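Asker: kindly generate the corresponding structure for this input.
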Amino acid sequence: MYSAEDIKELVEKSLKGIQYPDGSSDLYAPVAYSLSIGGKRIRPILSLLSCNLFTDRITDKCILPATGLEIFHCFTLVHDDIMDKADMRRNQPSIHKKWNVNTAILSGDAMCMEAYKLLCYAETAKIAEILHSFNKAGLNVCEGQQYDMNYENKTTVTEEDYLRMIELKTAALISVSTKIGAIMGGASSADVDRLAKLGLNLGLAFQIQDDIMDSYSDSKKTGKNSGLDIANNKKTYLLTSAIRLARGEQKKQLVSLLNNKDIPFKEKYAGMKEIYDDLKVKDLAEAKVKEYFSTVESELKAVDVKQERKYYFNEFIDKLFGRHK
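Answerer: Here you go, the predicted model:
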C-alpha cells in the first residue's frame, strides 16, 4: 500500500525524469519551469491512490499515465493564466509574464502533447478505454472554460449554470483521474463508475473551496493573487449566491460593482467582500463543500475492496479538505 506522500515522491521523480529534445530550449524551458514550481499534484495522487485500491503493483505503466494527467492540468493553467491575465502562479511569475504570450501558448500545447504521450504508457489492453475517457474529459475542460469566459460578461448567472460550468472545467479532470486510476488497477466496471462519481464530487467541492480561498485567503498562502475572481467578474459560488440573495439597494450596489469597469480594484474588492459578509455567502459555500464531500465519502465506502485498503485514500481527502483526524 502506498501513502499519498509515497505517491507524490513517485510523481515528482517521474516529472524530473522527463527528457526534453536538444536544441529546443525556447519551447521546453517554460515547460520545465511550469512543472518545477510546485503544486499539490492532486490529480496524479488521486489517480494512483485509486489504482492502489485494487492492486499493489504501481509500476511505470501506472505512474507515467498519472504523470500525464498532472502535465495536462499544468497545460490548462498556462492557458488559463493568459486568459485571466494572472501574473502569478504558485508564488512565481506565470509563463506568459516570465517569457511572453506566444511562447506560453506554444509551450502549453507541447505540454498537452506530452500528456497524451505519457498516457499511452498504460497497459496496451487498457489504452483505448483510458484515452477515450481522457479525450471526453479534455473536451469538457474546454467547454467549461468557454462557459467561464462567457459568464464574465453576464451580470446574472444562476447557481445551476455555475455548477454545470465547474463540473466541466474543474471536476471533469479530477473525475477522469480517479476513473483512469481505477481502470489501471483492474477495478470492476461498477467500481470504475464509483471512482468516477467520487472524483466528480471531489472536484466540485475542491472548486468551491478554491472560490472561498480566492476571496478570503492570503495570497502568500495560496500562491495566487487574492481577489482575481472578483477583479475579473468571475462567476463563483459566492457571487452566484450573492446575486440570488441580494435585494433593493444592496442588489443595485452589487450590479454597479460588476458593471463599473473603471472602479479601482481595492474599492471593488472591499465592496464585494462587504456584500458577501452581509449575505453570509461564505457559510453557504462551506455548506455546499460539505454536501459534496459527503457524497465522496459514500462512494468510497461503497467501493468493493477491504476497508483497510481505503486508509490512505481517506487520509488524503481528509487532509485535502482540512479534516485532520
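
Asker: what packs against the helix or strand that contains D210?
Answerer: Per DSSP states H and E: D210 is located in helix 189-216. On a contact count with 3 or more CB pairs under 8 Å, 6 or more residues apart in numbering; DSSP states H and E, helix 189-216 meets helix 42-52, helix 159-166, helix 172-185, helix 228-231, helix 237-245, helix 265-279, helix 281-302. For glycine as for every other residue, the C-beta is placed from the backbone atoms N, C-alpha and C.

Asker: mean confidence score for that helix?
Answerer: Helix 189-216 shows a mean pLDDT of 96.

Asker: got the buried residues for that helix?
Answerer: Buried residues in helix 189-216, counted by 16 or more other CB atoms under 10 Å: 191-192, 194-215.

Asker: from K154, how far off is M165?
Answerer: Counting by CB to CB, to the nearest Å, the separation of M165 from K154 is 11 Å.

Asker: got any residues that touch both of those two?
Answerer: Common neighbours of M165 and K154, counting by CB atoms under 8 Å, 6 or more residues apart in numbering, are K235.

Asker: more neighbours, those two?
Answerer: M165 (23 against 11; other CB atoms under 10 Å).

Asker: got the contact list for that one?
Answerer: Contacts of M165 (CB under 8 Å, 6+ apart): 144, 147-148, 151, 235.

Asker: wait, V281 sits on I243?
Answerer: No - V281 lies out of contact with I243 (CB atoms under 8 Å); the separation is 9.7 Å.

Asker: which one of the two is surrounded by more residues?
Answerer: Counted by other CB under 10 Å, V281 and I243 do not tie: V281 has more neighbours, with 25 against 22.

Asker: contacts only, for that one.
Answerer: 237-238, 241-242, 245.

Asker: which ones are touching the residue most central in space within the chain?
Answerer: The centre of the chain sits closest to T170, judged by CA atoms, centre = their mean, with a distance of 4.8 Å. By CB under 8 Å, 6+ apart, the contact list for T170 reads 144, 203-204, 206-207, 210.

Asker: could you rerun that using 7 Å?
Answerer: Counting by CB atoms under 7 Å, 6 or more residues apart in numbering, T170 touches 203, 206-207.

Asker: pick the one among those residues closest to D304.
Answerer: Nearest to D304 out of the contacts of T170 is G203 (CB to CB; 22.7 Å).

Asker: how near is that closest one to I183?
Answerer: Using CB to CB, G203 is found at 18 Å from I183.

Asker: what sits against L119?
Answerer: So L119 contacts 65, 68, 130-131, 134 (CB under 7 Å, 6+ apart).

Asker: out of those residues, which is nearest to Q19?
Answerer: Out of the contacts of L119, the member with the shortest distance to Q19 (by CB to CB) is G68, at 14.7 Å.
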